[in-house]
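Participant: give me the fold of what follows.
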Amino acid sequence: MALTALRIKNEKTAGMYADGAGLYLRVQESGAKSWIFRFQLNGKRREMGIGTLAERPAVEAREEAAKLSAKVRLGVDPIEDRRRNKATKIESAAKVAAGSITFAQVAKDYITAHRTGWRNAKHAGQWTTTLETYASPVIGEKPVADVSTEDVLRILQPIWNSKTETATRVRSRIELVLSYAKALKMRQGENPAAWRGHLDALLPKPTKLKNVRHHPALPFDRMPEFMDALRKINGGGARALEFAILTATRSGDVRGATWPEIDMKGKVWTVPGDRMKIKGKADHRVPLSDAALALLEALPTFEGVEYLFPGERDRKPLSDMSLSAVTRRMNEGDKPIWIEPQSGDQVVPHGFRSTFRDWAGETTSHAREVVEHALAHQIPDKAEAAYARGTLFDKRRKLMQDWADWCEPRRDAMVLPLKKRKSVA
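Facilitator: The predicted structure follows:
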């Protein structure tokens, strides 16, 4: 039976008084009173002090005893557990003092600590991808204690208007990681990623934003439906757009593509460096998915013409408006259906690169550097860029196949049959 409040207050005789569930009140000759938790584990009886009566009232002592009893039932020695936790805190404090705990390390620990509580198994991957893509280039290697409001704004401002939904997720995730760091005594002060009373004074409300995007993009969850509609359209422009989507490349690279650049056996398209957006870059090797290869197999070839997608009249490369004309035709009618929901603008060919980027960041666990390399983006870190050139091609091949699989129509839809490539005089 639990000790009464009066007994706890007035007991003067030295001794140990049972309160129940392994909890005891110890009264010393001096009159000092403290709480003791007794337990037995692996055949050994042990005692553990859990605070003085002045520090911990009976209600709190009983709650703590219940938690400790639960650990004992799981086979955990609460004394050893407390000792390990104390050592960990000391180690963490030393690292913080040395400025060696980075935001990236804390983010990884946060994801590990919360992984089991997330319903969706992909959630951890999405957390990792979005933080690596948007936060890590700015604060990944920065001591978590030093992350500031200016750092957070450097991350959010470039995407706040154009990718508002993604930006709000990134902000929320940074805030949670920094709160986690503060709870572990790794940083002090206000959270620089907090919205209410802080960033809401520096950034426009997400609900009030009219997204301004130079290249309106289709939501990635509509890609199977779009691809189904696109495959029903004949013509070189439609096939060029489909190929650009499947390879996540720029329309200019696709329009200038030639057959000598294609290695059907090796399943690779090599875009020469002198045709890349940034002149002087190394050749960009694009792994070809099964769907991209099937599309190429179905294309006709013309005698004396090397281009994959030549114009119908002069057999020269398609004009820069050819692919845009396809999306405009697909939106003909009283109400366009292929639009960017946030802005209401009709999608354009270049926007599918953003669609690809959003899909990779929100639904996959593919590493940021793999996705950026697939988009032929310049990787700022020279060491990382050298690593990417040497080892990421196989990972990009898996990424592009996953993207092609995602774009594949999900329902039984009639599509144009793919024919074997034939020569045309």
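Participant: for the nearest residue to residue 339 once chain neighbours are set aside, give its distance to residue 219.
Facilitator: Nearest residue to residue 339 in three dimensions, chain neighbours excluded: residue 346, at 5.5 Å (C-beta to C-beta, 6 or more residues apart in numbering). C-betas here are computed from N, CA, C, even on glycine. When C-beta to C-beta, to the nearest Å is applied, the distance between residue 346 and residue 219 equals 14 Å.
Participant: what does residue 310 give?
Facilitator: Residue 310 is 33 Å from residue 219, by C-beta to C-beta.
Participant: go on, residue 116?
Facilitator: Taking C-beta to C-beta, one finds residue 116 at 30 Å from residue 219.
Participant: residue 338 now?
Facilitator: 10 Å.
Participant: contacting residues for residue 113?
Facilitator: residue 180 (C-beta atoms under 8 Å, 6 or more residues apart in numbering).
Participant: that one: what secondary structure?
Facilitator: helix (DSSP: H, G, I helix; E, B strand; the rest coil).
Participant: again with residue 254
Facilitator: Taking three-state DSSP, the label given to residue 254 is helix.
Participant: residue contacts, it?
Facilitator: 240, 243, 244, 247, 308, 309, 323.
Participant: then residue 224?
Facilitator: By C-beta under 8 Å, 6+ apart, the contact set of residue 224 is 406, 407, 408, 409, 410, 411.
Participant: who wins on neighbours among those residues?
Facilitator: Most neighbours among these, by other C-beta atoms under 10 Å: residue 407, with 24 neighbours.
Participant: what's the spacing between it and residue 245?
Facilitator: In terms of C-beta to C-beta, residue 407 sits 7 Å off from residue 245.
Participant: before we move on, what about residue 368?
Facilitator: For residue 368 relative to residue 245 (C-beta to C-beta), the value is 21 Å.
Participant: more neighbours: those two, which one.
Facilitator: Each of residue 368 and residue 245 has its neighbours counted (other C-beta under 10 Å); residue 245 has more, 26 against 21.
Participant: what helix or strand is the more buried one on?
Facilitator: Secondary structure from DSSP states H and E places residue 245 in helix 236-247.
Participant: pLDDT of that helix, averaged?
Facilitator: Averaging pLDDT along helix 236-247 gives 95.
Participant: can you list the weak-confidence ranges in this protein?
Facilitator: Along the chain, the model assigns pLDDT under 70 to residues 91-99, 119-122, 210-214, 277-281, 377-391, 411-425.
Participant: which residues in the stretch 101-250 of the chain form helices?
Facilitator: 103-114, 123-130, 136-139, 149-160, 164-183, 223-230, 236-247 (DSSP state H, counting those that start in this stretch).
Participant: adding distance to residue 206, write the ones you listed out as TSV.
Facilitator: Converted to TSV, those look like this (distance: least, C-beta to C-beta, whole Å):
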stretch	distance to residue 206
helix 103-114	22
helix 123-130	16
helix 136-139	20
helix 149-160	8
helix 164-183	5
helix 223-230	24
helix 236-247	28
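Participant: residue 114 and residue 2, how far apart?
Facilitator: On the measure of C-beta to C-beta, residue 114 and residue 2 end up 36 Å apart.
Participant: strands along the protein, start to end?
Facilitator: Taking DSSP state E as the test, the strands found in the chain are 15-20, 23-27, 33-41, 44-52, 262-263, 268-271, 284-287, 301-302, 423-424.
Participant: export those strands to a markdown table and tack on mean neighbour count and distance to residue 90?
Facilitator: Output for those, formatted as a markdown table (neighbours: other C-beta atoms under 10 Å; distance: least, C-beta to C-beta, whole Å):
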| stretch | mean neighbour count | distance to residue 90 |
| --- | --- | --- |
| strand 15-20 | 14 | 31 |
| strand 23-27 | 20 | 28 |
| strand 33-41 | 18 | 23 |
| strand 44-52 | 13 | 19 |
| strand 262-263 | 16 | 57 |
| strand 268-271 | 19 | 53 |
| strand 284-287 | 21 | 48 |
| strand 301-302 | 14 | 71 |
| strand 423-424 | 9 | 75 |
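Participant: residue 131: which of these is closest?
Facilitator: strand 284-287 (25.8 Å; C-beta to C-beta).
Participant: and of the contacts of residue 224, the nearest to residue 167?
Facilitator: residue 406 (22.7 Å).
Participant: and the closest one, what does it touch?
Facilitator: 220, 223, 224, 359, 363.
Participant: and the furthest pair within those residues?
Facilitator: It's 224 and 363 that sit farthest apart of the contacts of residue 406, by C-beta to C-beta, at 13.0 Å.
Participant: residue 126 contacts residue 360, correct?
Facilitator: No: contact criterion C-beta atoms under 8 Å: residue 126 and residue 360 do not qualify, at 10.3 Å.
Participant: and the two? which has more neighbours close in?
Facilitator: Neighbours per residue, other C-beta under 10 Å: of residue 126 and residue 360, the larger number sits with residue 360, 26 against 18.
Participant: follow-up on the earlier one: which neighbours do residue 346 and residue 219 have in common?
Facilitator: Joint contacts of residue 346 and residue 219 (C-beta under 8 Å, 6+ apart) are residue 340.
Participant: neighbour count winner among residue 116 and residue 219?
Facilitator: residue 219 (16 against 7).
Participant: contacts only, for that one.
Facilitator: Here residue 219 is in contact with 340, 341, 355, 358 (criterion: C-beta under 8 Å, 6+ apart).
Participant: same question for residue 129.
Facilitator: 360, 361, 362, 364, 365, 366, 367, 368.
Participant: list the contacts for the fourth one?
Facilitator: In this case it means residue 364. Residue 364 touches 125, 129, 399, 402, counting by C-beta under 8 Å, 6+ apart.
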